[in-house]
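Asks: sequence-free structure coming up:
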């Protein structure tokens, strides 16, 4: 009888990362159908500790903390996906153009990247979010403003490295146009570091979005967002269960994406093998 063996690339950390990420994605997609209570309903007495009726207790308004934690995935996970995708799109375009064209265009674009990276990410995100006003959409815009320069640098470095390879030189000698040369011969070989970095950044975006909500620059009450829930728990310090659920949720999401990113790096980057 043949026994199933896991593929060599499926390490324990990567399998754990896949399981955690898949769990929270499934929660975000299906929580409306099976959560114990609605996230905004006052279903019990206020500030009740964990019990068989409310596994993570209730908050200051009598809302079920477990239900609000589960519904928080419907806000935090889409923000992470939208911010990372937009940052990758903007940063990769800027980096590819700068690395491929070089010259004064490269100098101007990279100085803009340097200026953006000179600010601490959390302070820049706070400044942009404060200018735009509270709200998850504005928080997402602020996070894109923080993250795109990282991908611009990554893509620029890869494009510069790839465009000096022999197959690109042969394509230039055969008369391939600039656009086709970039999109067909260079970019497909330049995506690996961006993909790995983007996978790890999903968790970091969730963490930074929660930080903005914690200080009042993200989700607007009564939205069940993890950072806003932790902020409520900080107000009621002795009701520790209010912050426990969203805190564990953020921890598991960040760890899950980090494990997944490490696994992808080991799989796609020959230098790490």
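Replies: Everything's here; your move. Just so it is clear, the structure is predicted and the values come from calculations on it, not from any experiment.

Asks: from the centroid of this structure, which residue is nearest?
Replies: residue 202 (2.0 Å; CA atoms, centre = their mean).

Asks: what residues are up against that one?
Replies: Counting by CB atoms under 8 Å, 6 or more residues apart in numbering, residue 202 touches 80, 81, 84, 253, 257. C-betas here are computed from N, CA, C, even on glycine.

Asks: any chance of the residues you listed in CSV, with distance to residue 234, neighbour count and pLDDT too?
Replies: Converted to CSV, those look like this (distance: CB to CB, whole Å; neighbours: other CB atoms under 10 Å; pLDDT from 0 to 100):
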residue, distance to residue 234, neighbour count, pLDDT
80, 23, 24, 93
81, 27, 14, 93
84, 28, 23, 95
253, 20, 25, 96
257, 25, 26, 94
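
Asks: quick one: the helices in the stretch 101-250 of the chain?
Replies: Applying DSSP state H, counting those that start in this stretch to the stretch 101-250 of the chain gives helices spanning 103-117, 121-132, 136-163, 166-173, 178-180, 192-214, 226-235, 241-268.

Asks: for residue 96, which of the ones you listed is the nearest?
Replies: helix 136-163 (5.2 Å; CB to CB).

Asks: related to what we said a few turns ago, do you know the pLDDT at the residue nearest to the centre of the chain?
Replies: As predicted, residue 202 sits at a pLDDT of 94.

Asks: got it, and residue 192?
Replies: Value for residue 192, per-residue pLDDT: 85.

Asks: can you check residue 270 too?
Replies: Note on residue 270: pLDDT of 56.

Asks: so for residue 59, which of the helices of the stretch 101-250 of the chain sits nearest?
Replies: Short answer: helix 241-268, nearest of the helices of the stretch 101-250 of the chain by CB to CB, at 5.1 Å.

Asks: tell me the helices and strands packed up against the closest one.
Replies: The helices and strands touching helix 241-268, judged by 3 or more CB pairs under 8 Å, 6 or more residues apart in numbering; DSSP states H and E, are helix 12-34, helix 65-101, helix 192-214, helix 226-235.

Asks: could you dump those helices to TSV with distance to residue 185?
Replies: Formatted as TSV, those follow (distance: least, CB to CB, whole Å):
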stretch	distance to residue 185
helix 12-34	31
helix 65-101	11
helix 192-214	16
helix 226-235	43
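
Asks: switch the helices of the stretch 101-250 of the chain over to JSON lines; also include distance to residue 25.
Replies: Below are the helices of the stretch 101-250 of the chain laid out as JSON lines (distance: least, CB to CB, whole Å):
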{"stretch": "helix 103-117", "distance to residue 25": "30"}
{"stretch": "helix 121-132", "distance to residue 25": "24"}
{"stretch": "helix 136-163", "distance to residue 25": "18"}
{"stretch": "helix 166-173", "distance to residue 25": "38"}
{"stretch": "helix 178-180", "distance to residue 25": "36"}
{"stretch": "helix 192-214", "distance to residue 25": "11"}
{"stretch": "helix 226-235", "distance to residue 25": "15"}
{"stretch": "helix 241-268", "distance to residue 25": "10"}
